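Asks: coordinates only, no sequence provided:
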């Protein structure tokens, strides 16, 4: 059975801290790994990773994929209260376009 | 570019009642998805359409759930009759299949969701 496992499930940090969120996967027909940020309801797209070792960056967020060890990390530096959200990791398959999501990491950034 | 539209935003019904959700994807997106997100879980795919055809409905509880996308644009998801365990957020997403996946063609864009509470 395919698995997408995120850790930790929840995290509380202070503003200015750096956080690392983890996503490991065991799936067949892997094609891509995606990160989404979910505030309130709709997940919003952050990154899509398809190649190992190539870091993607957007402002204070960055992510990298390791296809040998089957995991990805999402880093957030200099966290702000606006980063408080659930961060979802999802795997995309070569056999189709549907995504397989992990349970998410709930991040709370306190002032 | 307008995003994915969904309605209603909230719905409260009693068990055994029926309910329908509507989704209008981003213009030009051929692929449409319905996900169910139970509190504390990641979204789970219910059904995937490519234009007006069903690509994957293996996780759709077909005894009570149905979905259609008759003209290949907007879509309706129905639950009849609803059970308590159907309480969840129902998310609709779309993607522009046909664009090279290396260019982000498979990135899914989500609507605001419909929060359903079954009493």
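Replies: Thanks, I have it. Computed from a prediction, not measured in an experiment: that's the story for all the values here.

Asks: phi, psi of the closest residue to residue A:14 other than its chain neighbours?
Replies: Distance criterion C-beta to C-beta, 6 or more residues apart in numbering or on different chains; nearest residue to residue A:14, sequence neighbours excluded, is residue A:110 at 5.6 Å. (Glycine included, C-beta is placed from N, CA and C.) When read as degrees, to the nearest 10, the backbone of residue A:110 gives phi -100, psi 150.

Asks: ok, now residue B:84?
Replies: phi -60, psi -40.

Asks: enumerate the residues of chain A near chain B.
Replies: For chain A, the residues in contact with chain B (C-beta under 8 Å from any C-beta of the partner chain) are A:4, A:31-32, A:34, A:36, A:40-45, A:48, A:50, A:88, A:90, A:92, A:96-104.

Asks: quick check: closest non-adjacent residue to the residue in chain B that chain A sits nearest to.
Replies: In chain B, the residue that lies nearest chain A is residue B:42 (3.1 Å; C-beta to the nearest C-beta). Spatial nearest neighbour of residue B:42, chain neighbours left out: residue A:101 (3.1 Å); criterion: C-beta to C-beta, 6+ apart.

Asks: coming back round to it: how close does the residue nearest to residue A:14 sit to chain B?
Replies: According to C-beta to the nearest C-beta, to the nearest Å, residue A:110 stands 21 Å off from chain B.

Asks: quick check, that residue in contact with residue A:17.
Replies: No - taking contacts as C-beta atoms under 8 Å, residue A:110 lies outside contact range of residue A:17: 9.6 Å.

Asks: ranges for the strands of the chain?
Replies: Chain wasn't specified; assuming chain A. A:3-7, A:10-14, A:19-26, A:30-38, A:43-49, A:56-58, A:61-66, A:71-76, A:85-93, A:99-101, A:105-110 (DSSP state E).

Asks: oops, chain B please
Replies: B:5-7, B:10-13, B:19-24, B:31-37, B:44-50, B:53-56, B:65-68, B:75-79, B:88-95, B:109-110, B:114-118.

Asks: distance to residue A:68 added to those strands, as CSV?
Replies: Output for the strands of chain B, formatted as CSV (distance: least, C-beta to C-beta, whole Å):
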stretch, distance to residue A:68
strand B:5-7, 39
strand B:10-13, 45
strand B:19-24, 38
strand B:31-37, 30
strand B:44-50, 27
strand B:53-56, 29
strand B:65-68, 39
strand B:75-79, 39
strand B:88-95, 28
strand B:109-110, 30
strand B:114-118, 40
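
Asks: worst mean pLDDT among the ones you listed?
Replies: The minimum mean pLDDT among these belongs to strand B:53-56 (a mean of 88).

Asks: that strand pairs with which strands, parallel or anti?
Replies: Sheet partners assigned to strand B:53-56 using DSSP bridges are listed as strand B:44-50 (antiparallel).

Asks: what's the partner strand in contact with?
Replies: A:96-101, B:30-38, B:54-57, B:59-60, B:65, B:67, B:69, B:72, B:75, B:77, B:97 (C-beta atoms under 8 Å, 6 or more residues apart in numbering or on different chains).
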